[in-house]
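Student: turn this into a model:
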Amino acid sequence: MFFLKLSLLTVLIAAPGLVTSTENVITCDGNVQRLSCDIGLISVQSAVYGRTDRSVCSAGRPPSQIQNTDCIVNIPLIFERCDGQIACEFKTDTIGSPDPCVGTYKYYNTTYNCIQARISMTCEGSFSTLDCGNDVIQIISANYGRTDRAICSNGQPSSLNENTDCHAPDTLTSVVAQCNERRSCILEASNAIFTDPCVGTYKYLAVSYFCRPAQTSVTCEGSTAVLTCGVGVLKIHSANYGRTDSTTCSAGRPLRQITKTDCFATTSLSEVAKRCNDRGNCTVPATNDVFTDPCVGTYKYLSIVYSCVVNDGFLSLFQLSNESDTNR
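Tutor: Here you go, the predicted structure:
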């Protein structure tokens, strides 16, 4: 889980337009830690428990309790409970953190971004569709359970909404597998999909996500498309060898070679996917020899929509190479 969050952090660092603010909260052990966003949703960057500074949370403490400053442990539970929320609050001595240094007075140090995102809430027994149009879905957080009494409570007995500490394990992993890097996906909020994390509670599926433009490569006939990922591997979303407009790759071409705009090679996607999917880089010649000729006499081009993904399904934009041959 912590590795998944670090992968998402890479996305946010490289796409700062998503981040509305960055916050840091330090809370002495035994007190209440509260994370909140005035604009956007919480995306925890780091959450640690221990002591790395003698002056923090030191008031009234004997020297023996603050001298160890090499004391730290990661707290993945804060990621799980707070990501995708507008506000998240918990009493620190109730989350069962391991003790990394017995006898030292410790504190929680959490850094998080507030990010622009969309939210989907689906009541138990219902379906929802995440749709990014021509962009691709990037999941931020997901939970099947209940963390709020009001959501999906209309017409339900109050006894079914009381448990607000209900979290199905592996919800995020499941939703990522169904939706990440796709333009749309359908999600079902049911025990059959996520198991029942709290029997007797009426649950809902809460998902936060954003839409990210995919990369586009355009290569004129006779040249070779070169796709490269600085981080991760290629995922091909769509491809066409042919012509769908009269302006792309039209320079110096007679009108008769660019007027046909309904030209599609039927093997375009399968051929590009075979050469490129799950690789760090690939080359695809934009030629009739590779795709056959879908419209004889028309000057064609190869258009590819793709993205780079890391092995856990999260996009990594850091050092992403947009290798588009736009010889138009």
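
Student: tell me the secondary structure at the closest residue to residue 98 other than its chain neighbours.
Tutor: In space, and not counting its chain neighbours, residue 98 is closest to residue 73: 5.8 Å by Cβ to Cβ, 6 or more residues apart in numbering. In this view, the C-beta of every residue, glycine as well, is placed from N, C-alpha and C. Per DSSP: H, G, I helix; E, B strand; the rest coil, the local secondary structure of residue 73 is strand.

Student: likewise residue 178?
Tutor: Secondary structure, three-state DSSP: residue 178 is helix.

Student: okay, now it: neighbour count?
Tutor: Residues near residue 178, counting by other Cβ atoms under 10 Å, number 17.

Student: now whatever helix or strand residue 218 lives in, how far from the centre of its chain.
Tutor: Using DSSP states H and E, residue 218 maps to strand 215-220. In terms of Cα atoms, centre = their mean, to the nearest Å, the centre of strand 215-220 is found 24 Å from the chain centre.

Student: which residues does the helix or strand following that strand contact?
Tutor: Per DSSP H and E, the first helix or strand lying C-terminal to strand 215-220 is strand 224-228. Identification of contacts with strand 224-228 by Cβ atoms under 8 Å, 6 or more residues apart in numbering yields 217, 219, 234, 276, 280-286, 302, 304, 306, 321, 323, 325.

Student: tell me which strands strand 224-228 pairs with, and in which orientation.
Tutor: Sheet partners assigned to strand 224-228 using DSSP bridges are listed as strand 281-285 (antiparallel).

Student: packing partners for the helix or strand following the partner strand?
Tutor: Scanning forward in sequence from strand 281-285 by DSSP H and E, the next helix or strand is helix 288-291. Using 3 or more Cβ pairs under 8 Å, 6 or more residues apart in numbering; DSSP states H and E, the elements in contact with helix 288-291 are helix 268-276.

Student: check contacts around residue 303.
Tutor: 216, 217, 218, 239, 240, 244, 248.

Student: break this protein into its domains for me.
Tutor: When the chain is parsed with automatic domain parsing, its domains come out as 2-115, 118-212, 215-309.

Student: need the ones you listed in TSV with mean pLDDT, can you?
Tutor: Below are the domains of the chain laid out as TSV (pLDDT from 0 to 100):
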stretch	mean pLDDT
domain 2-115	84
domain 118-212	92
domain 215-309	95
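
Student: in a strand, that's where residue 303 is, yeah?
Tutor: Yes: the assignment for residue 303 is a strand, going by three-state DSSP.
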